[in-house]
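Participant: Sequence first, predicted model second:
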Amino acid sequence: MSKFNIADLNIFGGEKTTFSSIHAVGTPQTPEYEQLYQDISGIFERNWLTNSGPVLQAFEQAICDYLQVKHCIAVCNGTMALMLALKALELQGEVIVPSFTFPATVHALEWCGLKPVFCDVDPRTHNLAPHAVAEKLTPATSAILGVHLWGQACAPEALSELAQAHQLALIYDAAHAFACQHRGEFIGALGEAEVFSFHATKLFHSLEGGAIVTQSDALASVLRQLNNFGFQDGKAVRLGINGKMNEISAAVGLHNLKFIHQIISHNQSCYTHYQEGLRDIPGVRLLELTEELNFQYIVLEIHAEYGLERNQLKQILSAENILAKPYFDPVHLSAPYRESSRAENLSLPVTEKLAQQVLVMPTGQQMDEKKIARVCELISDIQDHAGDIARRLQAH
Ligand code: T4K
């Protein structure tokens, strides 16, 4: 029997928080420093710090070997990787993209002079709904930019069929999907190109970083030029940019890759503990992850039956040092887009609803079975007293 008392909640002046230190979504995985320091001092001893150095080359090869892809072009971040992929494909006109994503997916299109056409998602997977994509096609459509949200493959069979039937390029923002599989194969070889983020908050990171992977020799060669000022043999042959990853980031990435199975297996067990702990709580849906994924995002939907709104729950948890995140605000409703022709009279009901419901929970090294049980018990106790809590929050 739980000894829960509303007055003990920190938000109402309770003296103790559930955790004495912060447990947040996105806390970086910490590598085993000693080995990493040796790798980094080697970089300074060689005095070769960037511009396709030996560590960068080893990192790219390691990614190719791991994902079983032909080419990997490592870059300074995932956003740059997206822009380079879009530029290399020489796209024009409109690109169909979800609005339920991190803004970088859509910003990359605008930075490349492309028009984002926002599309709704499937309420079950949170990924682009292929039937909705089909409805957005126009003669100006040049590509589909799918996002493997939360690491789940974004309907690749249906989107590939659509792309082929309409001669469209198909690219994937795989920022969440490093080491995730679809039908037994690593995500990385789908579409023309796939783009990863290796940002510090990702389960596999290089501090900042990203990569474009592709099976196409021709595309890889263009990408390598674009990523390095358009240079080929020291001469600018294209309008390139500087998207290069430095040696230290590559060393961190190479180092972290050694621990990837350990990290994923821990995250998978965290997911299972959340699954067990949240199973019987009315109004809480844990996004079901059915394939071999990296389990870096524990995604809850808070429905009306819970008795409190998602933001209220977030606020209460936050006061208990549990920093859950309400990813993502619909991009079409954000300042750069909402008053533009991109979002005029646009309604994306699933996206807009999910944006009110989704709450991503802390996972990774900082969490274990006991801590997750405490978090789930708290979410359950709050639900049991939702009416009283809502009244007190209003009076607060
Ligand atoms: N496409 C998609 C679908 C993406 O999700 C992203 C990035 C991209 C493209 C672009 O890739 P990059 O250009 O970023 O490589 C974070 C990340 O900054 C962002 O990379 C990521 N997606 C997004 C999902 O999460 P915010 O705005 O949530 O970051 P922030 O600073 O609020 O940090 C999140 C949490 O992590 C906080 O609770 C604090 C914690 N944290 C963060 C950092 C940086 C730490 O504990 N330590 C740290 O060093 O975007």
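Facilitator: Ah, there it is.
Participant: quick one: stretch 356-373 near the ligand?
Facilitator: No: if you take CB under 6 Å from any ligand atom as the test, stretch 356-373 misses the ligand, and the best it gets is 8.3 Å. Glycine gets a C-beta too; all of them are placed from N, C-alpha and C.
Participant: Show the end-to-end separation of that stretch, please.
Facilitator: 25 Å (CA to CA, to the nearest Å).
Participant: Show me how far it is from its chain's centre.
Facilitator: 16 Å (CA atoms, centre = their mean, to the nearest Å).
Participant: Which positions in that stretch come out as buried?
Facilitator: Judged by neighbour count using 16 or more other CB atoms under 10 Å, the buried positions of stretch 356-373 are Gln357, Val358, Leu359, Val360, Met361, Pro362, Thr363, Gly364, Gln366, Met367, Lys371, Ile372.
Participant: Confirm for me that the first one is in contact with Ala304.
Facilitator: No: taking contacts as CB atoms under 8 Å, Gln357 lies outside contact range of Ala304: 9.3 Å.
Participant: Which residues of the stretch 1-150 of the chain lie near the ligand?
Facilitator: The stretch 1-150 of the chain has residues 24-28, 77-79, 101-102, 104-105, 147 near the ligand, with proximity defined as CB under 6 Å from any ligand atom.
Participant: can you put those residues in CSV and add neighbour count, pLDDT and distance to Glu309?
Facilitator: As requested, these are arranged in CSV below (neighbours: other CB atoms under 10 Å; pLDDT from 0 to 100; distance: CB to CB, whole Å):
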residue, neighbour count, pLDDT, distance to Glu309
Ala24, 16, 95, 21
Val25, 20, 95, 19
Gly26, 17, 92, 23
Thr27, 17, 91, 25
Pro28, 15, 91, 30
Asn77, 21, 98, 33
Gly78, 27, 98, 31
Thr79, 24, 98, 31
Thr101, 26, 98, 23
Phe102, 20, 98, 23
Ala104, 21, 98, 27
Thr105, 25, 98, 27
Val147, 26, 98, 26
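Participant: Can you tell me which of the residues you listed end up in strands?
Facilitator: Per DSSP state E, strands hold the following members of those: Ala24, Val147.
Participant: Helices of the protein, start to end?
Facilitator: For the chain, applying DSSP state H gives helices covering 33-46, 54-67, 78-88, 103-111, 130-136, 156-165, 217-226, 247-257, 260-278, 310-319, 335-338, 349-357, 369-384, 386-395.
Participant: Contact residues of the stretch 251-396 of the chain facing the ligand?
Facilitator: Leu323.
Participant: And the residue of the stretch 251-396 of the chain that's closest to the ligand?
Facilitator: Of all residues in the stretch 251-396 of the chain, the one sitting closest to the ligand is Leu323 (5.2 Å; CB to the nearest ligand atom).
Participant: who's in contact with the closest residue to that residue other than its chain neighbours?
Facilitator: Nearest residue to Leu323 in three dimensions, chain neighbours excluded: Ala24, at 3.7 Å (CB to CB, 6 or more residues apart in numbering). For Ala24, the set of contacting residues under the criterion of CB atoms under 8 Å, 6 or more residues apart in numbering consists of Leu323, Lys325, Pro362, Gln366.
Participant: can you pull the contacts of the last one?
Facilitator: Contacts of Gln366 were listed using CB under 8 Å, 6+ apart, and they are His23, Ala24, Thr27.
Participant: show me what contacts the closest residue to Pro28 other than its chain neighbours?
Facilitator: With CB to CB, 6+ apart as the criterion, Pro28 has its nearest non-adjacent residue at 4.5 Å, and that residue is Ala200. Ala200 is in contact with Gly26, Pro28, Leu207, Glu208, counting by CB under 8 Å, 6+ apart.
Participant: before we move on, could you check phi and psi at the residue nearest in space to the middle of the chain?
Facilitator: The C-alpha lying nearest the average C-alpha coordinate of the chain belongs to His176 (CA atoms, centre = their mean; 3.3 Å). Backbone geometry at His176, expressed as degrees, to the nearest 10, gives phi -90, psi 0.
Participant: That one and the ligand: what is the separation?
Facilitator: Distance, His176 to the ligand, using CB to the nearest ligand atom, to the nearest Å: 6 Å.
Participant: In this structure that residue contacts Tyr297, no?
Facilitator: Yes: contact between His176 and Tyr297 holds when scored by CB under 8 Å: they sit 6.5 Å apart.
Participant: Are there residues contacting both of those two? Which ones?
Facilitator: Counting by CB under 8 Å, 6+ apart, the residues touching both His176 and Tyr297 are Trp150, Gly151.
Participant: so where is the stretch 101-250 of the chain shaky, pLDDT-wise?
Facilitator: Low-confidence segments of the stretch 101-250 of the chain, defined by pLDDT under 70, are absent.
Participant: Can you mark which positions in stretch 69-81 are buried?
Facilitator: Under the neighbour-count rule (16+ other CB under 10 Å), stretch 69-81 has Val69, His71, Cys72, Ile73, Ala74, Val75, Cys76, Asn77, Gly78, Thr79, Met80, Ala81 buried.
Participant: Let me have the residues you listed in TSV, adding distance to Glu247 as columns.
Facilitator: Shown next, in TSV, are those (distance: CB to CB, whole Å):
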residue	distance to Glu247
Val69	22
His71	20
Cys72	16
Ile73	16
Ala74	11
Val75	14
Cys76	12
Asn77	16
Gly78	19
Thr79	21
Met80	17
Ala81	18
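Participant: Can you tell me which of those is nearest Gly253?
Facilitator: Within the buried residues of stretch 69-81, distances to Gly253 taken as CB to CB reach their minimum at Ala74, with 7.5 Å.
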